[in-house]
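> Quick one, fold the following:
(chains A, B, C and D)
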There are 2 protein chains.
Amino acid sequence: MIPSSIQKQMANTIGSDCVMARLRLLNRLVSGIYDEALRPYGIKLTQLTILIVVSKFGLATSLQISRALHMDPSSFSRALTRLKQKQWLHVEPSGEGKMLHIEVTEKGFDMIEKVYPAWETAQEKTLDILGESASEMIVSSGNKHLLEGLTR
Amino acid sequence: MIPSSIQKQMANTIGSDCVMARLRLLNRLVSGIYDEALRPYGIKLTQLTILIVVSKFGLATSLQISRALHMDPSSFSRALTRLKQKQWLHVEPSGEGKMLHIEVTEKGFDMIEKVYPAWETAQEKTLDILGESASEMIVSSGNKHLLEGLTR
DNA sequence: CCTTTTAAAATGTGTATACAATTTATAAAA
DNA sequence: TTTTATAAATTGTATACACATTTTAAAAGG
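Below is the predicted model of the structure:
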């Protein structure tokens, strides 16, 4: 099938400029690096990230975490189920409405400590592949929105 | 549960530096923008991206596309099923091994044309939220790896 | 005290994603 | 020609994710 020249033009523009397409590509590319490093420990980077954010709060609610990470509450609910089951997070009713109180368990902190070297390896490999400046841009851009979530 | 100071230190480092965590956060944040814009058309940005890359090849094989996008062949296989069903891609055996030939259909090109304005809206909103320089960094960094995939 | 409202959590459904294992269409070998 | 590789595609399984809907714990109202 041969596209009209307008269609070809549009395809070229999207193909060369789309921020989201690149973000996804980078996501897949870099995910592989971290997940490979973490695989021996049976934890995914997504899960580690949640442990880290919960630890930052000390005692957190679901909404605080899902807002901070810009994650849908339903997505967080499912992640929480797995993290509870692995005993890295402890969850109990807060007594206020349906709200829960969540905290990192001893096992959870031990896991953070155990995987730290592997995380560092993956992080370095990523800095290598993406370059320092791109990585820093991504981190600071992400930070801006993470902090937004923390204070909302 | 109170972490040891080593654990706290590690959590802080991961929390403030992890490239992958920010990449995922940005991914969720920006995905929302594009998916909201594209929702009326019943196409996801991931799917649009595949159409665009296939159109760039003209006639493509699965491996070409999945390599270019750094996507696992099994992931691509499933995406392909949906795109075939929507009749945006046409697929037929190439005659060489199990390899397939894939091309964008007329319906596919029409879809690209139809959603272009919505894509543009989302793209602008994204540039606004992330900022020009972060966006350009992401696009060029992604481009580097996309082109790698194109020539491999 | 019981009913109703409210907002947080959980569930149904569908796409995106990867790894491991299996199927399969040709090509190569016997 | 029948068997045996080979490599591409697909399928099984599991996590990640979001939207829409439903459930539910506690608060507010009667």
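
> Could you use CA atoms for every contact and neighbour count after this?
OK.

> So stretch A:130-141, near chain B or not?
Yes. Interface with chain B: stretch A:130-141 contributes A:130, A:134-139, A:141 (C-alpha under 8 Å from any C-alpha of the partner chain).

> Please apply the same query to stretch A:105-122.
Yes. Counting by C-alpha under 8 Å from any C-alpha, chain B is contacted by stretch A:105-122 at A:105-106, A:109-110, A:112-113, A:116.

> Over to stretch A:72-84?
No. Legend: contact between stretch A:72-84 and chain B by C-alpha under 8 Å from any C-alpha is lacking; minimum distance shown is 9.1 Å.

> what do you get for stretch A:28-48?
Yes. Counting by C-alpha under 8 Å from any C-alpha, chain B is contacted by stretch A:28-48 at A:28-31, A:34, A:45-46.

> Just give me the closest of those to DNA strand C.
DNA strand C lies nearest to A:Arg28 out of those, by C-alpha to the nearest atom of the strand, at 4.5 Å.

> Off-centre distance for the strand or helix carrying that closest one?
Following DSSP states H and E, the helix or strand that holds A:Arg28 is helix A:19-38. Centre-to-centre, helix A:19-38 and its host chain are 11 Å apart (C-alpha atoms, centre = their mean, to the nearest Å).

> re earlier: now for the residues of stretch A:28-48 next to chain B, which pair is the farthest apart?
A:Leu29 and A:Thr46 (14.8 Å; C-alpha to C-alpha).

> need the strands for chain A, in chain order.
For chain A, the strands defined by DSSP state E cover A:89-93, A:100-104.

> show me what contacts the residue lying closest to A:Ala118 once chain neighbours are set aside?
In space, and not counting its chain neighbours, A:Ala118 is closest to A:Ala37: 5.4 Å by C-alpha to C-alpha, 6 or more residues apart in numbering or on different chains. With contact set as C-alpha atoms under 8 Å, 6 or more residues apart in numbering or on different chains, A:Ala37 has these partners: A:118-119, A:121-122.

> Find the nearest non-adjacent residue to the residue nearest the centre of chain A, please.
Taking C-alpha atoms, centre = their mean, the centroid of chain A lies closest to A:Thr46, which sits 4.5 Å from it. Closest residue to A:Thr46 apart from its sequence neighbours, by C-alpha to C-alpha, 6+ apart: B:Ala21 at 7.2 Å.

> So for that neighbour, what's the pLDDT?
With respect to pLDDT, B:Ala21 scores 98.

> Run a quick neighbour tally on it.
Neighbourhood size, B:Ala21 [other C-alpha atoms under 10 Å in any protein chain shown]: 26.

> Over to A:Arg78?
10.

> Could you tell me which residues of chain A lie near DNA strand C?
Contacts of chain A with DNA strand C, taken as C-alpha under 7 Å from any atom of the strand, map to A:24, A:28-29, A:32, A:35-36, A:61-63, A:73-75, A:77-78, A:80, A:97-100.

> now what about the helix or strand of chain A with the lowest mean pLDDT, what contacts it?
Ranked by mean pLDDT, DSSP states H and E, the helix or strand of chain A with the weakest confidence is helix A:132-151, at a mean of 85. For helix A:132-151, the external contacting residues (C-alpha under 8 Å, 6+ apart) are A:64, A:67-70, A:126-127, B:16-19, B:22-23, B:25-26, B:130, B:134, B:137-138, B:141.
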